[in-house]
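# Quick check, what structure comes out for this input:
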Amino acid sequence: MQASTIAVEPRQRAQALLSKAVHRNRRFSLEGTLERVFTLAFNGLVYPQIWEDPVVDMMAMELEPHHHVVAISSGGCNVLSYLTANPARITAVDLSPAHVALVRLKIAGLRHLPDWASFYRFFGEARSRENIADYFEFLREDLDDVTKAYWEKRLPSGRKRISRFARNIYRKGVLGRFIGAGHLLARLSGRKLTDFTRCQTQGEQKAYFDREIAPLFQARLVRWITNRRASLFGLGIPPAQFEALSGGKPMADVLKQRLERLACGFPLQDNYFAWQAFGRGYAPDASGSLPPYLQKAHFASLRARADRVKMLHASLTDVLAGMQPASAHRFVLLDAQDWMTDTQLNDLWSAITSASAEGARVIFRTAGEDTILPGRVKDKTLSRWSYMEPLSRRLAAQDRSSIYGGFHVYQFNG
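Numbering: from 1, shown residues only. Below is the predicted model:
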C-alpha cells in the first residue's frame with residue numbers, strides 16, 4: 001500500500017460520519033426524513049467534478065513551499081490542483097467514501113498512467129474503453145483493498161463501477177444526474193442546452209441565456225420543483241442549507257440568477273464549469289479551460305508531487321483535533337459550515353485555531369452572501385481571526401462556478 005492511501009472505514013462508519021454531520025431532527029419528523037434521504041444520496045458519488053474554483057482558492061491562500069494544507073476534498077479537483085502551487089503537503093478529508101475512492105484513483109493515475117494523454121483520457125474525457133484496460137494494467141495494484149473493492153463492485157447493470165470511466169463519469173453521480181434532469185426538462189420544452197456550447201462571445205452567451213434558458217424559470221412546473229427542498233439534493237444542498245440559499249426568495253429566482261452568472265459572467269472558453277453544466281463534459285480535445293490538475297503543462301510536476309497528498313475518510317473536525325498544535329497553514333472548508341449547528345461550528349473552529357500556525361488562513365464558501373461566523377462562533381475564538389473582507393469580495397466575483405453567494409477568507413492573528 002502506498003503512503004497516500006489508507007484503509008477506508010466500512011459502510012457503517014461512513015453512514016455514521018454523514019449522520020453526525022447532517023442529522024439535526026427526529027427521524028420521523030419531516031425535517032428528519034429529508035435529512036436521512038439526503039444522507040443516503042450523499043453516501044454515493046455526488047461530485048465527479050468539484051464545484052469550487054481552485055484558481056480562486058489558490059489566489060486566496062497564497063501557497064508557499066512550506067505550507068501544510070488541510071482541505072475537504074469532495075471529488076479532488078481542488079486538492080490535486082493545489083499541488084500546482086507546490087505546497088509541502090496536503091491532508092485531504094471527506095465524509096463520502098465515493099469521493100475518497102475517486103481521489104485515490106486520481107492519485108494513482110498521476111503516479112502510474114503512462115503520460116498526460118492517458119491521464120486526460122481517463123479523468124478528463126472519462127468515456128473510453130481504454131480507460132478500463134489502463135485501470136487493470138496501471139492503477140489497480142497501487143490501490144488499497146477498499147478502494148479496489150469500490151471501483152470493482154458490480155452495479156445493478158452488471159458492469160463494474162470502474163466502467164463509468166468508459167461512459168462519461170461526469171454524467172454520473174448525484175450532480176451529474178441532476179444536470180441531466182435539467183437538460184431533460186429543457187428538451188421537454190423544445191430546448192437543447194448543449195447548443196449553448198456553440199456560443200463564441202459573451203454577447204452570444206447572454207443572448208442565448210435570455211432567449212432559451214431564462215423563460216424556463218417562469219414555468220409553473222420548474223418553480224414548483226425547485227421550491228421542494230429534496231429537489232436540490234442533486235446540487236449537494238442538504239435541508240439545512242436550503243433556506244440560506246434562498247434568502248427568503250423563490251428558489252427558482254435564486255437559481256436563475258446563479259445560472260445566469262455561470263452562463264454569462266465569463267467567456268465560455270475560459271469557464272470549464274459552464275462546459276460541465278451545458279456540455280456535460282469538458283471542451284472537446286481539451287481545447288477550452290480545464291481544472292489545473294488536468295492541464296498538460298502541470299502533469300510532470302504533479303506526478304512528482306502526488307505522494308504529498310494524504311487522503312482520509314474522516315470528519316474534518318476529528319482530523320484537526322488529532323493534529324499537532326500550530327502544524328497547518330491553510331484550511332479549505334468548501335461550504336460544509338452551512339450544514340453545521342452552532343456546536344459543530346465551535347468545535348470545528350476550536351480545532352482549526354489549535355492546529356493553526358502563525359498567519360494561517362481559512363477559506364470557505366456560503367450559500368448566502370455574508371459570512372456566517374459572527375454571532376455563532378464564540379468571541380474568544382473568532383477574535384483571534386481577521387476577516388479579509390475586501391479580498392473575499394474581490395475573489396468571490398472571480399469564482400467561475402458561480403453557484404455560491406459568498407467566498408470568505410480569514411487569517412489567524414495568533
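
# mind listing the helices for the stretch 1-150 of the chain?
11-22, 30-42, 54-61, 77-82, 97-112, 116-120, 129-134, 145-152 (DSSP state H, counting those that start in this stretch).

# what residues are up against the nearest residue to Y135 once chain neighbours are set aside?
Leaving aside its sequence neighbours, Y135 sits nearest to I162 (C-beta to C-beta, 6 or more residues apart in numbering; 5.3 Å). Placement of C-beta: from N, CA and C, glycine included. If you count contacts by C-beta atoms under 8 Å, 6 or more residues apart in numbering, I162 has them with 132, 135, 151-152.

# Neighbour-wise, which one of these leads?
Neighbour counts for the contacts of I162, by other C-beta atoms under 10 Å, peak at Y135, which reaches 24 neighbours.

# thought it was touching T147?
No. Using C-beta atoms under 8 Å as the test, Y135 is too far from T147 to be in contact (11.4 Å).

# mind checking how far the residue nearest to Y135 is from E137?
12 Å (C-beta to C-beta, to the nearest Å).

# Show me the shaky parts of the stretch 101-250 of the chain.
In the predicted model of the stretch 101-250 of the chain, residues 228-247 satisfy pLDDT under 70.

# quick check: angle from the longest strand along the chain to helix 54-61?
The single longest strand within the chain, with elements called by DSSP state E, is strand 356-366. Computed by axes from the mean of the first three to the mean of the last three C-alpha atoms, to 10 degrees, the angle separating strand 356-366 from helix 54-61 equals 140 degrees.

# which helices and strands does strand 356-366 pack with?
On a contact count with 3 or more C-beta pairs under 8 Å, 6 or more residues apart in numbering; DSSP states H and E, strand 356-366 meets helix 54-61, strand 328-332, strand 406-412.

# How about the last one, which residues are buried there?
Counting neighbours by 16 or more other C-beta atoms under 10 Å, one finds that the buried residues in strand 406-412 are 406-410, 412.

# TSV for these, including pLDDT and distance to A286?
Below are the buried residues of strand 406-412 laid out as TSV (pLDDT from 0 to 100; distance: C-beta to C-beta, whole Å):
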residue	pLDDT	distance to A286
G406	94	31
F407	97	27
H408	98	32
V409	98	31
Y410	98	35
F412	98	38
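
# In this structure, which residue is most central in space?
I50 (2.9 Å; C-alpha atoms, centre = their mean).

# Which pLDDT value goes with that residue?
What the model reports as pLDDT for I50 is 92.

# And it, its phi and psi?
Geometry field for I50 lists phi and psi as phi -70, psi 150, criterion degrees, to the nearest 10.

# The stretch 301-414 of the chain: helices as residue ranges?
316-321, 342-355, 379-382, 389-396.

# And these: which comes nearest A336?
Of all these, it is helix 316-321 that lies closest to A336, at 7.0 Å by C-beta to C-beta.

# which of the residues in that closest one are buried?
316-317, 319-320.

# how close does the nearest residue to C264 once chain neighbours are set aside sit to D195?
Using C-beta to C-beta, 6+ apart and skipping residues adjacent in sequence, the residue nearest C264 is K206, 4.6 Å away. Using C-beta to C-beta, K206 is found at 15 Å from D195.
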